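Colleague: just a sequence and a predicted model for now, questions to come.
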Amino acid sequence: MLAKWGITKHHSKHVLKPREHPKNSPNFSEKNNKEKPLSTADHRIIGQQLDLFSINEQVGVGLVLWHPKGTIIRNQIRDFWEKEHLKNGYQLVCTPHIAREELWKTSGHLNYYKQNMYTLTKDGENYVVKPMNCPFHIQIYKTKPRSYKELPIRYAEWGTVYRYERSGTLHGLMRVRGFTQDDAHIFCTTQQVQNEIHKLLDFTEHLLQKFGFKKYHAILSTRDPTHPEKYMGSEHKWKLAQKALATALNKKQIAYTEVPGEAVFYGPKIDLNILDAANREWQCTTIQFDFNLPKRFNTRYVATDGKQHEAVMIHRALLGAIERFLAILIEHTRGNLPAWLAPTQVTILPISTDYAPYAEKIHNELLANNIRSELDTSTATISYRIRQAETQKIPYMAICGKREAETNKISARKHGAGNIGTMTVKELIQKINEPP
Ligand SMILES: [Zn+2]
C-alpha cells in the first residue's frame with residue numbers, strides 16, 4: 001500500500017484499483033470494470049478512431065503521447081478548471097518536475113516510496129522525478145511567515161507526476177506511469193476546516209456535473225477507534241476532521257459508507273466514486289487530511305494568540321488523474337463529447353464545389369468567433385461526408401448548398417439527432433456554445 005506514512009491515496013487515483021468494497025457499496029468494483037470493458041466503448045479503441053492519443057514502446061510504456069485532438073480536449077478541461085479554481089479562491093502555482101533528494105527525505109518519500117520513484121544523478125547529486133506535488137506547495141507556503149489573516153491558502157496546480165508501476169499493470173489511460181493531477185493543497189486553521197470541506201464538496205459537484213456525472217457515492221475513511229496509537233495527529237484534530245467530512249456529506253445528501261480503520265495513519269479522507277453511463281463505479285475525487293507533512297516540514301502560521309500553530313493541510317484532487325478521467329469520460333460518452341470539449345465542434349460541408357467559396361466564408365466566420373470549425377471540401381458525395389463526420393463524432397455539421405448561399409444561412413445537423421433546420425451562423429454559434 002502506498003499510504004503507509006505520507007503518500008496520500010488520492011495520488012494513486014489514476015490506477016484501476018481492485019479495492020475491496022465496503023459492504024454497503026454497489027457490487028461492481030473497478031477490478032470488474034477492467035475485466036469487462038464495453039468493447040465498443042473501450043477508450044483505447046475510441047482514442048485511436050478519433051486520433052486522440054497513442055502510447056508506444058520506443059517512448060516507453062505508460063507514457064502518453066497526446067495528439068492534436070486529444071490536446072484540445074485536455075486544454076479545454078484545463079482552461080475550465082483553472083477559471084473555476086480562480087473563482088473559488090484558489091491560487092495557481094507551477095512547480096518543477098524534479099527536485100533534490102533532500103526534499104523527498106524530509107517528506108518521507110525517499111524512505112517509503114523509493115521503489116515507485118524515478119531517480120537521476122548529476123554532478124554527484126541525486127534528484128527525484130516528482131511522484132507528487134505536495135512538497136513543492138508546502139515550500140511555496142513556507143517562503144514567508146504566515147498569519148491566520150492570510151488563511152486559508154489554496155494552491156492549485158495541473159501537476160504532472162511520474163510513478164513507476166509494473167508494466168503488467170498498465171492499462172491504456174487508466175493506469176499509466178506519467179500523469180497529470182488536478183491537484184491542490186489547502187492550508188487552513190482548525191476553525192476553518194468545516195467551511196473548507198463544505199466548499200470542497202460544492203465545488204466537486206459543480207465540476208463533475210459539467211462533465212455529465214451526476215450520480216456518485218462516497219467512502220468516508222476514518223480511523224480505527226480501538227487503536228488510536230496507530231495514528232498521527234491529536235485526538236482533537238482527528239475528531240474535528242472526521243466530523244467535518246461527515247457533516248459536509250450529510251449536508252450535501254451524498255450517500256456514503258463510513259469505513260472505520262480504512263484511514264491512513266496521517267488523516268481521514270473522502271473518496272467520491274462516480275457512476276458512469278454503464279453504471280460502473282470509478283474512484284475520482286479524493287479529499288484527504290494530512291497531519292504528517294505539516295509536522296515534517298514545520299508548516300505553521302501565527303494565530304490570534306500571537307503564537308505559532310501548525311497549519312491544517314488538505315490534499316485534494318477533484319477529477320483525479322486527467323489521463324484516467326479522460327478514459328472514464330471517453331467510455332462514459334462513447335466518444336460523443338459535448339460541444340465544449342469536442343476537438344472539432346462543427347464541420348462545414350458544401351454540397352458541391354460550386355458552394356466551396358460560400359462554405360469557406362462560413363468557416364472563417366466561425367473561426368473568427370472561436371469555434372473549432374473544419375472545412376471539408378473533398379469531392380466525395382455529401383452523404384458519405386456526413387457519415388464521416390458522424391463517425392468522427394463531430395457535434396455539428398453545417399451544410400451549404402444553393403438555398404443556403406442565397407439566404408445566407410446553413411442547414412445544421414446535430415450528431416445523433418440529424419437535421420435540426422436552417423439557421424444563421426449566429427444561431428449556430430449560439431447552439432454550439434449552449435452549456436451542456
Ligand atoms: Zn498532495
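Modeller: Perfect, thanks for sending it.
Colleague: name the residues of this protein found near the ion, please.
Modeller: Listed as neighbours of the ion in the chain under the rule C-beta under 5 Å from the ion: Cys134, His315. (Each C-beta comes from the backbone N, C-alpha and C, glycine too.)
Colleague: grab the nearest non-local neighbour of Gly159.
Modeller: Asn133 (3.9 Å; C-beta to C-beta, 6 or more residues apart in numbering).
Colleague: so who does the one you found touch?
Modeller: Asn133 is in contact with Thr95, Glu157, Gly159, Val161, Gln181, Asp183, His185, counting by C-beta atoms under 8 Å, 6 or more residues apart in numbering.
Colleague: and the residue nearest the centre of the chain, what pLDDT?
Modeller: With distances taken as C-alpha atoms, centre = their mean, the residue of the chain nearest its centroid is Leu319 (2.9 Å). The model reports Leu319 with a pLDDT of 97.
Colleague: does it touch Glu84 like I think?
Modeller: No: taking C-beta atoms under 8 Å as the definition, Leu319 is not a contact partner of Glu84, at 11.1 Å.
Colleague: which residues are common contacts for these two?
Modeller: Listed as contacting both Leu319 and Glu84 by C-beta under 8 Å, 6+ apart are Leu207.
Colleague: how about the closest residue in space to Arg78 that isn't next to it in sequence, what does it touch?
Modeller: With C-beta to C-beta, 6+ apart as the measure, Trp158 is the residue that lies nearest to Arg78, at 5.4 Å, once sequence neighbours are left out. Applying C-beta under 8 Å, 6+ apart, we find Trp158 in contact with Arg78, Trp81, Glu82, Thr180, Gln181, Asp182, Asp183, Ile322.
Colleague: what's in contact with the helix or strand hosting the second one?
Modeller: In other words, Trp81. Element membership of Trp81, judged by DSSP states H and E, is helix 68-87. Residues outside helix 68-87 that contact it (C-beta under 8 Å, 6+ apart): 47, 50-53, 66, 92, 156, 158, 180, 182, 184, 203, 206-207, 210, 319, 322, 325-326, 337, 340-344, 372.
Colleague: what about it, distance to the chain center?
Modeller: 10 Å (C-alpha atoms, centre = their mean, to the nearest Å).
Colleague: list the buried residues of it.
Modeller: Lys69, Gly70, Ile72, Ile73, Arg74, Gln76, Ile77, Trp81, Glu84, His85 (16 or more other C-beta atoms under 10 Å).
Colleague: cool, and stretch 242-253?
Modeller: Buried residues in stretch 242-253, defined by neighbour count with 16+ other C-beta under 10 Å: Gln242, Ala244, Leu245, Ala246, Ala248, Leu249.
Colleague: which residues are contacting it?
Modeller: Residues contacting stretch 242-253 (C-beta under 8 Å, 6+ apart): 193-194, 196-198, 200-202, 205, 218, 220, 222-223, 256, 258, 268-270, 287.
Colleague: and the closest residue to the ion within the stretch 1-150 of the chain, what does it touch?
Modeller: Residue nearest to the ion within the stretch 1-150 of the chain: Cys134 (3.4 Å; C-beta to the ion). Applying C-beta under 8 Å, 6+ apart to Cys134 gives the contacts Thr8, Ser107, Asp183, His185, Asp290, Leu293, His315.
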